[in-house]
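Visitor: This is a predicted model, with the sequence first.
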Amino acid sequence: MPNQIVLAFTVDTVGTSYGPAEAATALSDVPLYQTTGGGNDPVLGQFFGLTIGSDATSTSGSKATRTIRLNMTASGAGVPPYAPPLFPCNPITTTPPDITVSIGGYPAGYPLLQAETLPGSFLTTPGSAIVGTSENQLPSLVGGDTVQFMAQPGVFYEVLTVTTNSITLTSNYTGPFAEDEGAAVMNEAPVGAIGATVPPAPPTIAAIYSSSLLDTNGVTLESPIPAGPGARTVTFTYYDSTGAGPFLTNPIALMGTYPAPVTLNGGIDIAVIAELHILLTGGFGNSVGQITLCELAQAPTPIPVDATYAEYLALVDAVQLTIARPLFYLPPSYFALAQPQASAPQLTGDFFVTPGSINVPTSASQVDILFPGNTIQFAAYPAANTPLGTEPFIYTIAAVSPQQITLTEPYESEVTTKVQGVLTTPVASGAWIVSPSPATPPTDTQLAGPLGEYVNPGTAIPPPNPPLPPATMTPAPTGTAPPPAGTIPILSGMFARTLQLALAVPVVESAITFA
(Lines give C-alpha, C1' and ligand atoms only; values in the text may rest on other atoms or scores of the structure.)
Protein backbone atom coordinates (compact mmCIF):
# COMPACT_ATOMS: atom_id res chain seq x y z
CA MET A 1 0.00 0.00 0.00
CA PRO A 2 1.52 3.36 -0.96
CA ASN A 3 2.15 5.99 1.69
CA GLN A 4 2.97 8.95 -0.53
CA ILE A 5 1.81 10.75 -3.66
CA VAL A 6 4.70 12.00 -5.80
CA LEU A 7 4.15 15.14 -7.91
CA ALA A 8 6.86 16.52 -10.23
CA PHE A 9 6.90 19.72 -12.28
CA THR A 10 9.61 20.48 -14.86
CA VAL A 11 10.73 23.63 -16.70
CA ASP A 12 12.94 23.37 -19.79
CA THR A 13 15.00 26.57 -19.82
CA VAL A 14 15.91 26.41 -23.52
CA GLY A 15 14.65 29.61 -25.14
CA THR A 16 13.79 31.25 -21.81
CA SER A 17 15.48 33.91 -19.71
CA TYR A 18 16.27 31.32 -17.04
CA GLY A 19 19.27 29.11 -16.59
CA PRO A 20 18.69 25.68 -14.97
CA ALA A 21 19.84 26.85 -11.53
CA GLU A 22 17.77 30.05 -11.77
CA ALA A 23 14.72 28.06 -12.82
CA ALA A 24 15.21 25.67 -9.90
CA THR A 25 15.35 28.62 -7.50
CA ALA A 26 12.31 30.22 -9.11
CA LEU A 27 10.36 26.96 -8.84
CA SER A 28 11.22 26.51 -5.18
CA ASP A 29 10.33 30.13 -4.36
CA VAL A 30 6.71 29.80 -5.49
CA PRO A 31 4.52 29.26 -2.40
CA LEU A 32 2.14 26.36 -2.96
CA TYR A 33 1.00 25.80 0.61
CA GLN A 34 1.08 27.65 3.91
CA THR A 35 3.02 25.44 6.28
CA THR A 36 6.47 24.00 5.83
CA GLY A 37 6.33 21.52 8.70
CA GLY A 38 4.18 19.05 6.82
CA GLY A 39 1.13 19.67 8.94
CA ASN A 40 -1.73 22.08 8.95
CA ASP A 41 -2.09 23.46 5.44
CA PRO A 42 -5.73 24.51 4.93
CA VAL A 43 -6.06 23.01 1.45
CA LEU A 44 -3.85 19.94 1.58
CA GLY A 45 -4.56 19.22 5.21
CA GLN A 46 -8.16 20.15 5.88
CA PHE A 47 -9.61 19.37 2.45
CA PHE A 48 -7.45 16.49 1.25
CA GLY A 49 -6.17 15.05 4.53
CA LEU A 50 -2.58 15.16 3.21
CA THR A 51 0.68 16.40 4.70
CA ILE A 52 3.92 17.52 3.06
CA GLY A 53 6.51 14.77 3.15
CA SER A 54 9.20 16.62 1.20
CA ASP A 55 9.59 19.41 -1.34
CA ALA A 56 12.85 19.61 -3.32
CA THR A 57 14.18 20.97 -6.63
CA SER A 58 16.86 19.52 -8.88
CA THR A 59 18.47 20.20 -12.26
CA SER A 60 19.36 17.96 -15.17
CA GLY A 61 20.85 19.47 -18.31
CA SER A 62 18.68 22.41 -19.36
CA LYS A 63 15.79 21.32 -17.10
CA ALA A 64 14.78 22.14 -13.54
CA THR A 65 12.29 20.00 -11.62
CA ARG A 66 10.38 20.51 -8.40
CA THR A 67 9.26 17.28 -6.74
CA ILE A 68 6.68 17.26 -3.95
CA ARG A 69 5.86 14.19 -1.88
CA LEU A 70 2.51 14.23 -0.08
CA ASN A 71 1.83 11.83 2.77
CA MET A 72 -1.40 9.85 2.56
CA THR A 73 -0.76 7.92 5.78
CA ALA A 74 2.56 8.46 7.55
CA SER A 75 5.87 9.39 5.96
CA GLY A 76 7.17 5.95 6.92
CA ALA A 77 6.56 3.17 9.41
CA GLY A 78 5.04 5.21 12.21
CA VAL A 79 7.19 8.25 11.41
CA PRO A 80 5.53 11.70 11.45
CA PRO A 81 4.26 13.83 9.86
CA TYR A 82 1.09 11.77 9.89
CA ALA A 83 -1.84 12.08 7.55
CA PRO A 84 -4.52 13.19 8.03
CA PRO A 85 -3.04 16.01 10.11
CA LEU A 86 -4.60 17.35 13.29
CA PHE A 87 -6.27 20.75 13.56
CA PRO A 88 -7.57 22.67 16.58
CA CYS A 89 -11.35 23.00 16.64
CA ASN A 90 -11.17 26.53 18.06
CA PRO A 91 -7.94 28.04 16.69
CA ILE A 92 -6.49 31.12 18.37
CA THR A 93 -4.54 32.27 15.33
CA THR A 94 -5.69 33.63 11.99
CA THR A 95 -3.29 31.35 10.10
CA PRO A 96 -3.09 27.56 10.29
CA PRO A 97 -1.07 26.65 13.38
CA ASP A 98 2.19 24.79 12.95
CA ILE A 99 2.09 22.30 15.79
CA THR A 100 5.72 21.33 15.22
CA VAL A 101 7.01 24.48 16.93
CA SER A 102 6.49 25.96 20.36
CA ILE A 103 3.75 28.56 20.78
CA GLY A 104 4.03 31.35 23.32
CA GLY A 105 6.88 29.60 25.07
CA TYR A 106 4.95 26.39 25.62
CA PRO A 107 6.33 23.00 24.65
CA ALA A 108 5.89 21.95 21.04
CA GLY A 109 2.20 21.68 20.40
CA TYR A 110 -0.99 23.70 20.37
CA PRO A 111 -2.24 25.05 23.73
CA LEU A 112 -5.89 24.63 24.62
CA LEU A 113 -6.95 28.12 25.70
CA GLN A 114 -10.19 29.44 27.10
CA ALA A 115 -11.21 33.06 26.70
CA GLU A 116 -12.62 35.02 29.64
CA THR A 117 -14.22 38.38 28.81
CA LEU A 118 -12.75 41.27 30.78
CA PRO A 119 -15.02 43.88 32.39
CA GLY A 120 -15.35 47.38 30.98
CA SER A 121 -13.99 48.90 27.79
CA PHE A 122 -10.50 49.56 26.44
CA LEU A 123 -9.06 52.60 24.64
CA THR A 124 -6.42 51.34 22.23
CA THR A 125 -4.15 53.67 20.26
CA PRO A 126 -2.22 52.38 17.24
CA GLY A 127 1.52 52.55 17.93
CA SER A 128 1.11 52.85 21.71
CA ALA A 129 1.62 50.19 24.37
CA ILE A 130 -0.63 51.99 26.87
CA VAL A 131 -4.31 50.98 26.81
CA GLY A 132 -6.79 53.00 28.86
CA THR A 133 -9.47 51.06 30.75
CA SER A 134 -12.91 52.15 31.95
CA GLU A 135 -12.77 49.73 34.87
CA ASN A 136 -10.03 48.67 37.25
CA GLN A 137 -8.32 45.58 35.81
CA LEU A 138 -6.17 44.87 38.88
CA PRO A 139 -8.54 42.11 40.06
CA SER A 140 -8.46 40.49 36.62
CA LEU A 141 -4.96 40.92 35.17
CA VAL A 142 -1.33 40.66 36.20
CA GLY A 143 1.91 41.06 34.29
CA GLY A 144 2.54 38.12 32.00
CA ASP A 145 -1.12 37.56 31.09
CA THR A 146 -2.16 37.51 27.44
CA VAL A 147 -5.00 39.62 26.03
CA GLN A 148 -6.65 40.03 22.67
CA PHE A 149 -8.82 42.99 21.64
CA MET A 150 -12.11 42.52 19.84
CA ALA A 151 -11.05 44.98 17.11
CA GLN A 152 -8.05 42.76 16.31
CA PRO A 153 -9.09 39.11 16.75
CA GLY A 154 -6.37 36.52 16.53
CA VAL A 155 -3.61 38.93 17.65
CA PHE A 156 -2.34 38.47 21.20
CA TYR A 157 -0.49 40.88 23.46
CA GLU A 158 1.40 40.22 26.68
CA VAL A 159 0.57 42.48 29.62
CA LEU A 160 3.55 44.25 31.21
CA THR A 161 1.89 46.21 34.04
CA VAL A 162 -1.62 46.97 35.32
CA THR A 163 -2.91 50.11 37.09
CA THR A 164 -6.37 51.16 38.17
CA ASN A 165 -7.13 52.93 34.89
CA SER A 166 -4.81 51.40 32.28
CA ILE A 167 -2.75 48.43 31.22
CA THR A 168 0.65 48.54 29.55
CA LEU A 169 1.56 45.98 26.91
CA THR A 170 5.04 44.62 26.23
CA SER A 171 4.66 45.74 22.58
CA ASN A 172 2.80 48.52 20.82
CA TYR A 173 -0.78 47.94 19.72
CA THR A 174 -0.87 47.38 15.93
CA GLY A 175 -4.59 47.23 15.27
CA PRO A 176 -7.06 49.93 14.23
CA PHE A 177 -8.10 52.77 16.52
CA ALA A 178 -11.08 51.61 18.55
CA GLU A 179 -12.51 53.44 21.53
CA ASP A 180 -14.76 51.62 23.99
CA GLU A 181 -13.93 48.21 22.61
CA GLY A 182 -14.01 44.97 24.49
CA ALA A 183 -11.11 42.71 25.24
CA ALA A 184 -10.67 39.14 26.32
CA VAL A 185 -7.95 37.56 28.38
CA MET A 186 -6.62 34.19 27.30
CA ASN A 187 -6.15 31.80 30.19
CA GLU A 188 -2.98 29.97 29.22
CA ALA A 189 -3.09 27.01 31.51
CA PRO A 190 0.64 26.16 31.78
CA VAL A 191 1.30 29.63 33.24
CA GLY A 192 -1.76 29.80 35.49
CA ALA A 193 -1.22 33.49 36.22
CA ILE A 194 -4.86 34.58 35.95
CA GLY A 195 -5.85 33.53 39.45
CA ALA A 196 -9.09 32.18 40.82
CA THR A 197 -11.32 34.52 38.84
CA VAL A 198 -10.79 32.54 35.61
CA PRO A 199 -11.88 28.92 35.31
CA PRO A 200 -9.16 26.46 34.34
CA ALA A 201 -9.03 25.64 30.64
CA PRO A 202 -7.42 22.19 30.48
CA PRO A 203 -9.90 19.31 30.25
CA THR A 204 -9.70 16.34 32.59
CA ILE A 205 -12.53 14.33 31.03
CA ALA A 206 -11.89 13.74 27.33
CA ALA A 207 -13.18 11.37 24.68
CA ILE A 208 -12.67 10.63 20.97
CA TYR A 209 -15.32 9.86 18.37
CA SER A 210 -15.72 9.70 14.59
CA SER A 211 -18.37 11.02 12.25
CA SER A 212 -18.45 7.55 10.64
CA LEU A 213 -19.69 4.27 12.08
CA LEU A 214 -16.93 2.56 10.10
CA ASP A 215 -14.17 4.05 12.29
CA THR A 216 -14.49 1.55 15.12
CA ASN A 217 -12.56 -1.17 16.89
CA GLY A 218 -15.87 -2.92 17.54
CA VAL A 219 -18.48 -2.58 20.27
CA THR A 220 -19.54 -5.35 22.65
CA LEU A 221 -23.35 -5.54 22.58
CA GLU A 222 -26.04 -8.21 22.66
CA SER A 223 -25.20 -8.57 18.97
CA PRO A 224 -21.59 -7.26 18.80
CA ILE A 225 -20.63 -4.59 16.27
CA PRO A 226 -17.51 -5.85 14.47
CA ALA A 227 -14.35 -3.83 14.03
CA GLY A 228 -14.69 -1.55 11.01
CA PRO A 229 -12.58 -1.07 7.89
CA GLY A 230 -11.55 2.49 8.83
CA ALA A 231 -9.59 3.79 11.81
CA ARG A 232 -9.72 1.47 14.81
CA THR A 233 -7.39 2.95 17.41
CA VAL A 234 -5.81 6.37 17.89
CA THR A 235 -3.28 7.87 20.27
CA PHE A 236 -2.12 11.37 21.14
CA THR A 237 0.70 13.12 22.98
CA TYR A 238 0.01 15.94 25.45
CA TYR A 239 1.42 18.14 28.22
CA ASP A 240 -0.46 19.04 31.38
CA SER A 241 -1.06 22.44 32.96
CA THR A 242 2.08 22.17 35.11
CA GLY A 243 4.20 21.90 31.95
CA ALA A 244 4.93 18.23 32.62
CA GLY A 245 5.14 15.85 29.69
CA PRO A 246 5.08 14.78 27.00
CA PHE A 247 2.66 12.01 27.89
CA LEU A 248 1.59 9.45 25.29
CA THR A 249 -1.84 7.90 25.76
CA ASN A 250 -2.34 4.19 25.48
CA PRO A 251 -4.16 3.16 22.28
CA ILE A 252 -7.75 4.42 22.42
CA ALA A 253 -10.26 2.07 20.79
CA LEU A 254 -12.70 4.01 18.61
CA MET A 255 -16.40 3.18 18.85
CA GLY A 256 -17.80 4.95 15.81
CA THR A 257 -19.88 7.95 16.80
CA TYR A 258 -19.84 7.03 20.50
CA PRO A 259 -17.30 9.23 22.36
CA ALA A 260 -14.75 6.67 23.58
CA PRO A 261 -13.30 7.78 26.95
CA VAL A 262 -9.63 8.80 27.17
CA THR A 263 -7.56 7.64 30.14
CA LEU A 264 -4.78 10.05 31.08
CA ASN A 265 -1.40 8.37 31.00
CA GLY A 266 0.32 10.93 33.20
CA GLY A 267 -0.19 14.51 34.37
CA ILE A 268 -3.27 16.10 35.86
CA ASP A 269 -5.05 17.30 32.73
CA ILE A 270 -4.63 17.96 28.98
CA ALA A 271 -3.25 21.45 28.38
CA VAL A 272 -1.21 21.16 25.18
CA ILE A 273 -1.67 18.77 22.26
CA ALA A 274 1.52 17.79 20.44
CA GLU A 275 0.37 14.88 18.27
CA LEU A 276 -2.85 13.06 17.43
CA HIS A 277 -2.79 10.25 14.91
CA ILE A 278 -4.34 6.98 13.80
CA LEU A 279 -2.55 3.92 15.13
CA LEU A 280 -4.48 0.93 13.77
CA THR A 281 -6.83 0.63 10.79
CA GLY A 282 -8.96 -2.00 9.14
CA GLY A 283 -8.92 -3.07 5.52
CA PHE A 284 -9.50 0.47 4.22
CA GLY A 285 -6.02 1.52 5.34
CA ASN A 286 -6.99 4.87 6.89
CA SER A 287 -9.85 6.75 8.53
CA VAL A 288 -13.23 7.18 6.88
CA GLY A 289 -14.83 10.03 8.82
CA GLN A 290 -13.66 13.02 10.85
CA ILE A 291 -12.18 11.98 14.20
CA THR A 292 -12.61 14.50 17.01
CA LEU A 293 -11.02 14.78 20.44
CA CYS A 294 -13.49 16.50 22.76
CA GLU A 295 -14.01 17.51 26.37
CA LEU A 296 -16.99 15.98 28.18
CA ALA A 297 -18.98 17.66 30.93
CA GLN A 298 -19.15 14.34 32.76
CA ALA A 299 -17.76 10.84 32.48
CA PRO A 300 -19.56 8.87 29.75
CA THR A 301 -22.09 6.20 30.66
CA PRO A 302 -20.54 2.76 30.11
CA ILE A 303 -22.24 0.60 27.48
CA PRO A 304 -23.74 -2.57 29.00
CA VAL A 305 -22.39 -5.69 27.30
CA ASP A 306 -25.94 -6.97 26.83
CA ALA A 307 -27.28 -3.71 25.35
CA THR A 308 -29.35 -3.92 22.20
CA TYR A 309 -28.41 -1.90 19.14
CA ALA A 310 -31.29 0.50 19.81
CA GLU A 311 -30.08 1.01 23.40
CA TYR A 312 -26.56 1.61 22.08
CA LEU A 313 -27.82 4.33 19.71
CA ALA A 314 -29.63 6.01 22.60
CA LEU A 315 -26.40 5.98 24.65
CA VAL A 316 -24.49 7.47 21.72
CA ASP A 317 -26.92 10.40 21.60
CA ALA A 318 -26.87 10.82 25.39
CA VAL A 319 -23.07 10.98 25.58
CA GLN A 320 -22.86 13.28 22.53
CA LEU A 321 -25.08 15.75 24.42
CA THR A 322 -22.46 15.95 27.20
CA ILE A 323 -19.74 17.27 24.88
CA ALA A 324 -18.58 20.54 26.45
CA ARG A 325 -16.31 21.58 23.58
CA PRO A 326 -14.44 19.98 20.70
CA LEU A 327 -10.67 20.27 21.05
CA PHE A 328 -8.84 18.78 18.05
CA TYR A 329 -9.83 16.85 14.98
CA LEU A 330 -8.42 14.76 12.17
CA PRO A 331 -10.20 15.47 8.86
CA PRO A 332 -11.38 12.53 6.73
CA SER A 333 -8.41 10.84 5.12
CA TYR A 334 -7.37 11.17 1.50
CA PHE A 335 -8.35 7.50 1.09
CA ALA A 336 -11.96 8.41 1.89
CA LEU A 337 -11.87 11.27 -0.62
CA ALA A 338 -10.27 9.12 -3.33
CA GLN A 339 -12.69 6.22 -2.94
CA PRO A 340 -16.10 7.65 -2.06
CA GLN A 341 -18.76 5.18 -0.97
CA ALA A 342 -16.31 2.29 -1.18
CA SER A 343 -16.57 1.73 2.56
CA ALA A 344 -20.32 1.18 2.31
CA PRO A 345 -20.96 0.36 -1.38
CA GLN A 346 -24.41 0.32 -2.93
CA LEU A 347 -25.79 -3.12 -3.69
CA THR A 348 -26.97 -3.95 -7.18
CA GLY A 349 -30.65 -4.06 -8.07
CA ASP A 350 -33.83 -2.91 -6.34
CA PHE A 351 -35.07 -3.94 -2.91
CA PHE A 352 -38.85 -3.98 -2.52
CA VAL A 353 -39.48 -3.00 1.08
CA THR A 354 -42.87 -3.18 2.80
CA PRO A 355 -43.47 -1.47 6.17
CA GLY A 356 -43.94 -4.04 8.90
CA SER A 357 -42.54 -6.95 6.85
CA ILE A 358 -39.27 -8.85 7.26
CA ASN A 359 -39.37 -10.14 3.67
CA VAL A 360 -37.68 -8.01 1.00
CA PRO A 361 -37.91 -9.25 -2.62
CA THR A 362 -34.93 -8.31 -4.79
CA SER A 363 -34.58 -7.68 -8.53
CA ALA A 364 -31.00 -9.02 -8.49
CA SER A 365 -29.79 -12.06 -6.61
CA GLN A 366 -27.84 -11.21 -3.45
CA VAL A 367 -26.59 -14.79 -3.01
CA ASP A 368 -22.81 -14.80 -2.39
CA ILE A 369 -23.02 -11.04 -1.80
CA LEU A 370 -25.03 -10.88 1.42
CA PHE A 371 -24.91 -13.43 4.22
CA PRO A 372 -26.78 -13.95 7.50
CA GLY A 373 -25.42 -11.53 10.08
CA ASN A 374 -24.52 -8.84 7.52
CA THR A 375 -26.09 -5.42 8.08
CA ILE A 376 -27.54 -3.08 5.43
CA GLN A 377 -29.36 0.25 5.09
CA PHE A 378 -32.18 1.14 2.68
CA ALA A 379 -32.22 4.41 0.74
CA ALA A 380 -36.00 4.73 0.96
CA TYR A 381 -35.89 5.50 4.67
CA PRO A 382 -32.30 5.38 5.95
CA ALA A 383 -32.78 7.14 9.31
CA ALA A 384 -35.31 8.60 11.72
CA ASN A 385 -35.30 11.96 13.47
CA THR A 386 -35.63 11.41 17.20
CA PRO A 387 -35.63 13.87 20.13
CA LEU A 388 -31.95 13.00 20.63
CA GLY A 389 -30.93 13.35 17.00
CA THR A 390 -30.84 11.25 13.84
CA GLU A 391 -30.70 7.48 14.30
CA PRO A 392 -29.86 5.29 11.30
CA PHE A 393 -32.03 2.28 10.49
CA ILE A 394 -29.59 -0.59 10.11
CA TYR A 395 -31.06 -4.02 9.41
CA THR A 396 -29.47 -7.42 10.01
CA ILE A 397 -29.81 -10.16 7.39
CA ALA A 398 -31.45 -13.39 8.63
CA ALA A 399 -31.51 -15.31 5.33
CA VAL A 400 -30.70 -14.84 1.63
CA SER A 401 -32.31 -16.53 -1.39
CA PRO A 402 -31.96 -15.78 -5.13
CA GLN A 403 -35.05 -13.53 -5.19
CA GLN A 404 -35.42 -12.34 -1.61
CA ILE A 405 -33.64 -11.38 1.57
CA THR A 406 -35.13 -11.83 5.04
CA LEU A 407 -34.50 -9.37 7.85
CA THR A 408 -34.29 -10.13 11.57
CA GLU A 409 -36.80 -7.34 12.28
CA PRO A 410 -39.55 -5.70 10.19
CA TYR A 411 -38.75 -2.82 7.89
CA GLU A 412 -39.89 0.61 9.14
CA SER A 413 -40.97 3.60 7.09
CA GLU A 414 -41.58 7.23 7.90
CA VAL A 415 -45.32 6.66 7.62
CA THR A 416 -46.77 3.16 7.87
CA THR A 417 -49.91 3.45 5.76
CA LYS A 418 -52.61 0.82 5.67
CA VAL A 419 -55.53 0.55 3.28
CA GLN A 420 -58.47 -1.40 4.76
CA GLY A 421 -56.07 -3.02 7.22
CA VAL A 422 -53.63 -4.15 4.52
CA LEU A 423 -50.10 -2.76 4.23
CA THR A 424 -49.41 -0.62 1.20
CA THR A 425 -47.65 -1.85 -1.92
CA PRO A 426 -43.90 -2.45 -1.53
CA VAL A 427 -41.60 0.43 -2.40
CA ALA A 428 -38.55 -0.09 -4.62
CA SER A 429 -35.42 1.10 -2.84
CA GLY A 430 -31.70 1.03 -3.23
CA ALA A 431 -29.59 -0.43 -0.43
CA TRP A 432 -26.00 -0.49 0.69
CA ILE A 433 -24.00 -2.83 2.87
CA VAL A 434 -22.84 -1.50 6.25
CA SER A 435 -20.94 -4.48 7.67
CA PRO A 436 -18.78 -6.25 7.05
CA SER A 437 -17.46 -3.58 4.71
CA PRO A 438 -15.62 -4.84 1.61
CA ALA A 439 -13.58 -1.65 1.56
CA THR A 440 -9.95 -1.95 0.48
CA PRO A 441 -7.28 0.71 -0.03
CA PRO A 442 -7.97 2.74 -3.20
CA THR A 443 -6.23 1.83 -6.44
CA ASP A 444 -3.58 4.12 -7.91
CA THR A 445 -6.13 5.36 -10.45
CA GLN A 446 -8.57 6.26 -7.69
CA LEU A 447 -5.83 7.93 -5.67
CA ALA A 448 -4.74 10.04 -8.63
CA GLY A 449 -8.23 11.38 -9.36
CA PRO A 450 -8.74 14.05 -6.69
CA LEU A 451 -5.33 15.59 -7.39
CA GLY A 452 -5.72 15.60 -11.17
CA GLU A 453 -6.27 19.37 -11.30
CA TYR A 454 -3.09 19.92 -9.31
CA VAL A 455 -0.94 18.60 -12.13
CA ASN A 456 -2.80 20.12 -15.07
CA PRO A 457 -1.77 23.62 -16.20
CA GLY A 458 -4.89 23.75 -18.35
CA THR A 459 -5.28 27.13 -20.01
CA ALA A 460 -3.05 29.05 -17.62
CA ILE A 461 -2.12 32.41 -19.18
CA PRO A 462 1.17 34.10 -18.21
CA PRO A 463 0.73 37.42 -16.40
CA PRO A 464 1.12 40.58 -18.52
CA ASN A 465 4.46 41.60 -16.99
CA PRO A 466 6.21 38.34 -16.11
CA PRO A 467 7.47 37.15 -13.81
CA LEU A 468 5.43 38.56 -10.93
CA PRO A 469 6.71 38.10 -7.38
CA PRO A 470 4.56 35.25 -6.01
CA ALA A 471 3.32 37.24 -2.99
CA THR A 472 1.72 39.86 -5.25
CA MET A 473 -0.43 37.27 -6.98
CA THR A 474 -2.80 36.97 -4.03
CA PRO A 475 -4.22 40.28 -2.77
CA ALA A 476 -3.84 41.03 0.91
CA PRO A 477 -7.01 41.56 2.97
CA THR A 478 -8.30 45.13 2.92
CA GLY A 479 -6.47 47.36 5.35
CA THR A 480 -3.55 44.99 5.95
CA ALA A 481 0.00 44.92 4.68
CA PRO A 482 0.88 42.47 1.89
CA PRO A 483 1.98 39.14 3.36
CA PRO A 484 5.61 38.14 3.03
CA ALA A 485 6.56 35.95 0.09
CA GLY A 486 6.21 32.24 0.70
CA THR A 487 3.49 32.47 3.35
CA ILE A 488 0.27 32.05 1.38
CA PRO A 489 -1.00 29.82 -1.42
CA ILE A 490 -1.66 31.46 -4.77
CA LEU A 491 -4.54 29.70 -6.49
CA SER A 492 -5.78 27.46 -3.70
CA GLY A 493 -2.88 25.13 -4.32
CA MET A 494 -3.34 24.40 -8.04
CA PHE A 495 0.31 23.55 -8.30
CA ALA A 496 1.09 23.28 -12.01
CA ARG A 497 -1.03 26.28 -12.93
CA THR A 498 0.44 28.36 -10.13
CA LEU A 499 4.01 27.50 -11.10
CA GLN A 500 3.34 28.32 -14.74
CA LEU A 501 1.76 31.67 -13.91
CA ALA A 502 4.53 32.63 -11.51
CA LEU A 503 7.42 31.74 -13.85
CA ALA A 504 5.64 32.75 -17.08
CA VAL A 505 7.17 29.78 -18.89
CA PRO A 506 5.68 26.37 -19.73
CA VAL A 507 5.60 23.87 -16.87
CA VAL A 508 5.45 20.18 -17.78
CA GLU A 509 3.82 17.98 -15.16
CA SER A 510 4.82 14.37 -14.72
CA ALA A 511 2.24 11.65 -14.26
CA ILE A 512 1.29 11.17 -10.62
CA THR A 513 3.23 8.31 -9.06
CA PHE A 514 3.07 6.66 -5.66
CA ALA A 515 5.64 5.48 -3.15
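Guide: Structure received.
Visitor: Show the residue spans covered by the helices in the stretch 351-500 of the chain.
Guide: In the stretch 351-500 of the chain, the helices defined using DSSP state H, counting those that start in this stretch lie at 444-448, 495-503.
Visitor: Can you add distance to Tyr173 and give the ones you listed back as a markdown table?
Guide: Where C-beta positions appear, they are placed from N, C-alpha and C, glycine not excepted. As requested, the helices of the stretch 351-500 of the chain are exported to a markdown table (distance: least, CB to CB, whole Å):
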| stretch | distance to Tyr173 |
| --- | --- |
| helix 444-448 | 49 |
| helix 495-503 | 35 |
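Visitor: highest average neighbour count across these?
Guide: Of all those, helix 495-503 carries the top mean neighbour count, a mean of 24, counting by mean count of other CB atoms under 10 Å.
Visitor: Partner strands of the helix or strand following it and their direction?
Guide: Heading C-terminal from helix 495-503, the first helix or strand you meet, by DSSP states H and E, is strand 508-509. Sheet pairing of strand 508-509 (DSSP bridges) gives strand 4-12 (antiparallel).
Visitor: Next, the angle helix 495-503 makes with the partner strand.
Guide: 30 degrees (axes from the mean of the first three to the mean of the last three CA atoms, to 10 degrees).
Visitor: Mind listing residues that contact strand 4-12?
Guide: Outside strand 4-12, the residues that touch it by CB atoms under 8 Å, 6 or more residues apart in numbering are 18, 23, 26-27, 50, 53, 62-72, 75, 334, 447-448, 451, 454-455, 495-496, 499, 503, 505-510, 512-515.
Visitor: which stretches of the stretch 251-400 of the chain have low pLDDT?
Guide: 340-345, 382-392 (pLDDT under 70).
Visitor: Geometric centre of the protein: which residue is closest?
Guide: The centroid of the chain falls nearest to Pro331 when counting by CA atoms, centre = their mean (2.4 Å).
Visitor: separation between that residue and Gly289?
Guide: 9 Å (CB to CB, to the nearest Å).
Visitor: now swap in Leu70 and tell me
Guide: Taking CB to CB as the criterion, Leu70 is separated from Gly289 by 21 Å.
Visitor: how about the residue nearest to Asp145 when sequence neighbours are not counted, secondary structure?
Guide: Distances taken as CB to CB, 6 or more residues apart in numbering put Val159 closest to Asp145, at 4.7 Å, once the chain neighbours are dropped. Under the three-state scheme (DSSP: H, G, I helix; E, B strand; the rest coil), Val159 adopts strand.
Visitor: Tell me how many other residues surround Val159.
Guide: 20 (other CB atoms under 10 Å).
Visitor: Bridged to it, which residues?
Guide: Beta-bridge pairing for Val159 (DSSP bridges): Leu169.
Visitor: which residues does it contact?
Guide: Neighbours of Val159 in contact, by CB under 8 Å, 6+ apart: 141-147, 167-170.
Visitor: what about the longest helix in this structure?
Guide: What stands out as the longest helix in the chain, according to DSSP state H, is helix 309-320.
Visitor: So the chain: which segments form each domain?
Guide: 4-85+443-514, 113-187, 206-330, 351-435 (automatic domain parsing).
Visitor: most packed of these?
Guide: Scoring the domains of the chain by mean neighbour count under mean count of other CB under 10 Å gives domain 206-330 as the most buried, with a mean of 20.
Visitor: Cool, thanks, signing off.
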